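Asker: starting from these lines, generate the structure:
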Amino acid sequence: MFRKLVAAGSFISFLMAPGFAAGAGTTLRQTVMAELRYDTNARIAAEGELSGDDFVLLLAPGFEVINQRNKLTLTGNYRPTGSYYFENQDLNAVSHSAAVSADYTLSRRTSLMAEDRFTYSGESLETTLVGIQNQRGTMWTNTIFFSMNHILTQRTSISMSASDHMLDFENILAVDNRSESGSVGLNFQATPETQLNGSYNFSYVNFDLPGGAASNQNTHSLNAGFVSRFRDSLLLSMSAGTVYADSRGFGNGLTDWVARAEIRKSFQRSSANFSYTRQTTSSSGLTDQLTLNDSFIAELRYVVAQNMNLSLSGNYTHNHSKPENTLDIKSFLVGASGTWQLYDWLSFGMGYSHFKQEANGPLGVDLERDHVSISINLTTFEGRL
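Answerer: Model (predicted):
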C-alpha cells in the first residue's frame, strides 16, 4: 500500500509541477478551524459499558493551492486535525486528510478529471460514511479516481470513470479491502428540462480477512433514470437498476436491486432536500459478504439573514449483508446547526447531533452518542503567488 501511495503521489506531483513552476494563476489559501465539542460517548462504547463522556478540543489548520491555466485546473489541499481530550487523554490523536486533483478541458467536447484522496483517522469505522460506528482504532484510506466526459451530439454525451480504493484498519479483527471499479454512462437531453441517463458499473473487491485468509467479490450493475427540473426551484432525479454479485465463483452469485431518488425544492429564504439511496458497499469493515446500504436523508435549510444560516437534518441508514444476515445494523442521526459569517475571513458555528445504532446481528454493537459543539473558522491567508 505504501508503494501505491508513493506512485500515486509521484504521478500527481508530475502532473501538477509544470503549472506551479510557471506560477500562472496560483492561489494559496490557509485556514484554521477550532472546535470545542462535548461528546457523551467519547470511547464509542457499547450500551452498558463506560462511555467516557468528555470535552474535546479540535484544532485543524488547512492548506489549499489552486493553479489555473487556460485548459487545466490543478488543486491540492491538506488538513491535519488534532483532537485533545480534557479527561480521556489517551484518546488524543491527530488525523490527516489530503487530496490532489486535475481538471483538464481537452476540447470543446471532451473533459478529463483525475484525483487522489487520502485519509488517516483514529475514529475507525465512523469515517466510512455508511452509517456504522464501532470501536476506536486507526484506519486509513486511499482513493484514485479518473473520469472522462465526451459530448457526442447536441443532445447526447458519454461518460467513463475508473477508481482504485484501499481501506486498511489497524484492528486485526476488521476486514481490510481493496476495490477496483469502472463505469460507462450515456446521457440524453430529452427536453430542455429533462435528461435521461443509463449506466453500466463493474467492481472487483478483494477482502483481507482476519487470520490471513482472503476472499473476493465481483459486482455488475445496470441503471437507468432521469433528472428533471420542473421549475427553477424544483429538481427531481430518479434511477433504479439491478445488481449481480458473484463471490463464490461463476454461476453462484446473488441478484438484488439498487436505486436513488432525490427531490430538491427552493423557497425564497429556505430550501429542502429529500433523498433515498440503495447501494452496495464494501466499506463496513465487518464482513466480506455483499452489503446493501439503504439510506434516507432529509435536510432543511433556512437563511436567517444574509450572513446567517440554520439547518436541520435527519438520516436513517440500514446496512445488511447477503447471503447470511450476519450484518444487520440500523442507525439514526438527527442534528441541528447554525453558521454566522461575520466577515469574509471569519465565521462561527454551533451544532447538536444525536446518533443511535442498533445491531440486530452478531456483528456490530448497540450504542448512542450526543455531540454539542461551537466552532470558529479563520482564513488566515489568501493570496496569489
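Asker: when you work out contacts or count neighbours from here on, use the C-alpha atoms and nothing else.
Answerer: OK.
Asker: what about stretch 40-51, start to end distance?
Answerer: 7 Å (C-alpha to C-alpha, to the nearest Å).
Asker: which residues does that stretch contact?
Answerer: Residues from elsewhere that reach stretch 40-51, judged by C-alpha atoms under 8 Å, 6 or more residues apart in numbering: 52-54, 91, 133-136, 365-371.
Asker: just the buried members of those residues?
Answerer: With burial judged by 16 or more other C-alpha atoms under 10 Å, the buried subset of the contacts of stretch 40-51 is 53-54, 91, 133-136, 365-371.
Asker: what is the nearest of these to residue 349?
Answerer: Distance to residue 349, by C-alpha to C-alpha, is smallest for residue 371 among those, at 13.5 Å.
Asker: pLDDT-wise, what's the bottom of the buried ones among the contacts of stretch 40-51?
Answerer: The pLDDT minimum for the buried ones among the contacts of stretch 40-51 sits at residue 135, where the score is 71.
Asker: need the strands for the stretch 101-250 of the chain, in chain order.
Answerer: 110-121, 139-151, 156-169, 176-189, 194-208, 214-231, 234-246 (DSSP state E, counting those that start in this stretch).
Asker: tell me which of the ones you listed lies nearest to residue 378.
Answerer: strand 110-121 (22.6 Å).
Asker: tell me which of the strands of the stretch 101-250 of the chain lies nearest to residue 95.
Answerer: Nearest of the strands of the stretch 101-250 of the chain (C-alpha to C-alpha): strand 110-121, 4.6 Å.
Asker: from the contacts of stretch 40-51, which ones fall inside strands?
Answerer: Those of the contacts of stretch 40-51 mapping onto strands are 54, 367, 368, 369, 370, 371, per DSSP state E.
Asker: can you tell me which two in those residues are farthest apart?
Answerer: Farthest apart among the ones in strands among the contacts of stretch 40-51 - using C-alpha to C-alpha - are 54 and 367, which lie 16.1 Å from each other.
Asker: do I have it right that residue 118 meets residue 100?
Answerer: No - assessed by C-alpha atoms under 8 Å, residue 118 is found out of contact with residue 100, at 9.2 Å.
Asker: compare those two (neighbour count), which wins?
Answerer: Just comparing residue 118 and residue 100: by other C-alpha atoms under 10 Å the higher neighbour count belongs to residue 100, 23 against 18.
Asker: the more buried one and residue 166, how far apart?
Answerer: 17 Å.
Asker: any idea what residue 275 is bridged to?
Answerer: In this entry, residue 275 is beta-bridged to residue 262, residue 297, by DSSP bridges.
Asker: hang on, isn't it packed against residue 239?
Answerer: No - with contact defined as C-alpha under 8 Å, residue 275 does not count as touching residue 239 (11.7 Å).
Asker: please enumerate the shared neighbours of these two.
Answerer: Here residue 275 and residue 239 share the contacting residues 260, 261, scored by C-alpha under 8 Å, 6+ apart.
Asker: contacting residues for the nearest residue to residue 285 once chain neighbours are set aside?
Answerer: Nearest non-adjacent residue to residue 285, counting by C-alpha to C-alpha, 6 or more residues apart in numbering: residue 175, 4.6 Å away. Listed by C-alpha under 8 Å, 6+ apart, the contact set of residue 175 reads 168, 169, 207, 208, 209, 210, 285, 286, 287, 288.
Asker: quick one: residue 175 from residue 208, how far?
Answerer: To residue 208, residue 175 is 6 Å away according to C-alpha to C-alpha.
Asker: ditto for residue 230
Answerer: With C-alpha to C-alpha as the criterion, residue 230 and residue 208 are 47 Å apart.
Asker: one more: residue 154?
Answerer: Separation of residue 154 from residue 208 (C-alpha to C-alpha): 47 Å.
Asker: between the two, which one's more packed in?
Answerer: Per other C-alpha under 10 Å, whichever of residue 154 and residue 208 has more neighbours is residue 208, with 18 against 8.
Asker: mind listing the residues bridging to that one?
Answerer: residue 176, residue 214.
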